[in-house]
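Q: just the structure for this:
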Amino acid sequence: MSGATWLASYPRSGNTWVRLALHAALHPGGFVGFDALMEYGRSTISRRQIEEVMGIDSGELTGEELGRLRVDFHQAMFGAADMPSLVKVHDRWDESLFAARLTHGAVYLVRDPRDVAISWAAFKGKSIDWAIGFLADPHAHIGRRNGKFRSTLPETLGSWSDHVRSWLDVAPFGVVTVRYEDLLADTAGQLAVILAAMGESLGPDAIARAVEGSRFERLAGEEQANGFALRPASSERFFRVGRAGSWRKVLSPAQAATIERDHGEVMVRLGYLDD
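A: Okay, here's the model as predicted:
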């Protein structure tokens, strides 16, 4: 079956880490550096990419018009593909973007929002209180700067809870949920789950390549030695800590309580908070 395998996540929930691991698993040479990531599993929000595929000049269209083209772009990319294509997604699920007819499968990566808030604040170079507010904003989006569109199209997030519910409760196809914390505890097992959702069944050698290629120390060392194009100027590092539960030492009791108040229902559902 052709179509896209949507690798969906709220930002700072392990999407880049997983794509690097999957690339290592599927290629006998293993981890080959960050350059491969720019093509493998890349998102479909690049204006240049849309221009090439759709044969248009994006400079002649408004951001809203480009947004409406995304479903046609997905049709062109995945409607007649011979093999499933892995696609990074940060948007919340939207029927106009992620049609069932273009879908081979979907994997939703989720992370404790208390850790997401810390990582998002560092990534954006802003305060943790700002990040907590962002996670609770039903109108949150990324990809705008001073009201103008950048080289990528805007992505609609909504609140962290809205984002989770959109993929797990509203999407009209099966979605495999993988927790960041479970990936840390059992990388091999969880990668096998993701590969199965992609229609891949790999042996232990390939899984071992994936685990080795995605070790946090290796990725952090590669970034320190050669840089990483996806790291924004606002952040000192892309691969920052790579642990679960950092919020216990970083967040104040009041900050943790605010996140739990904002997202408690979904956190309980996903095992991040006791009922």
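
Q: tell me where the stretch 101-250 of the chain has helices.
A: 113-124, 128-135, 160-165, 180-185, 187-197, 204-213, 216-226, 247-250 (DSSP state H, counting those that start in this stretch).

Q: and the ones you listed, which one's lowest on average pLDDT?
A: Mean pLDDT values for the helices of the stretch 101-250 of the chain show the minimum at helix 216-226, a mean of 64.

Q: just to revisit the earlier point, which stretch among the helices of the stretch 101-250 of the chain comes nearest residue 258?
A: Using Cβ to Cβ as the measure, helix 128-135 is the one of the helices of the stretch 101-250 of the chain that comes nearest residue 258, at 5.6 Å. To be clear about C-beta, it is placed using only N, CA and C from the backbone, and glycine gets the same treatment.

Q: neighbouring contacts of that closest one?
A: Contacts with helix 128-135, where a contact means Cβ atoms under 8 Å, 6 or more residues apart in numbering, come from 113, 116-118, 120-121, 124, 140, 159-160, 250-251, 255, 258-259, 262-263.

Q: swap in stretch 172-192?
A: Residues contacting stretch 172-192 (Cβ under 8 Å, 6+ apart): 8, 13-14, 17-18, 21-22, 25, 95, 100, 103, 105-112, 115, 167-168, 193-194, 197, 202, 207-208, 210-211, 214, 242-244, 270-271.

Q: just stretch 58-72 next, same as before
A: So stretch 58-72 is contacted by 44-45, 47, 50-51, 54, 56, 96-97, 99, 149, 153-154 (Cβ under 8 Å, 6+ apart).

Q: go with 10 Å
A: Outside stretch 58-72, the residues that touch it by Cβ atoms under 10 Å, 6 or more residues apart in numbering are 44-48, 50-51, 53-54, 56, 73, 76, 79, 91, 94-99, 102, 143-144, 147-151, 153-156.

Q: which of these are buried?
A: Burial by neighbour count, judged by 16 or more other Cβ atoms under 10 Å, picks out 44-45, 47, 50, 53, 56, 73, 91, 97-99, 102, 143, 149, 153-156 from the contacts of stretch 58-72.

Q: now do the strands in this protein.
A: With DSSP state E as the criterion, the chain has strands at 4-9, 85-89, 103-110, 141-142, 144-145, 148-149, 155-156, 176-179.

Q: now the angle from the longest one to strand 85-89?
A: Just to be clear, that refers to strand 103-110. Strand 103-110 and strand 85-89 are oriented at 40 degrees to each other (axes from the mean of the first three to the mean of the last three Cα atoms, to 10 degrees).

Q: alpha carbons only: can I get strand 103-110 in PDB?
A: Extracted in PDB, the C-alpha atoms of strand 103-110 (Å, rounded to 0.1, in the frame of the first residue of the first chain):
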ATOM      1  CA  THR A 103      -2.400   7.600   4.500                       C
ATOM      2  CA  HIS A 104      -0.500   4.400   4.900                       C
ATOM      3  CA  GLY A 105      -0.100   4.700   8.600                       C
ATOM      4  CA  ALA A 106       0.400   7.200  11.500                       C
ATOM      5  CA  VAL A 107       2.700   7.200  14.500                       C
ATOM      6  CA  TYR A 108       2.100   9.800  17.200                       C
ATOM      7  CA  LEU A 109       5.100  10.600  19.400                       C
ATOM      8  CA  VAL A 110       4.100  12.000  22.800                       C
END
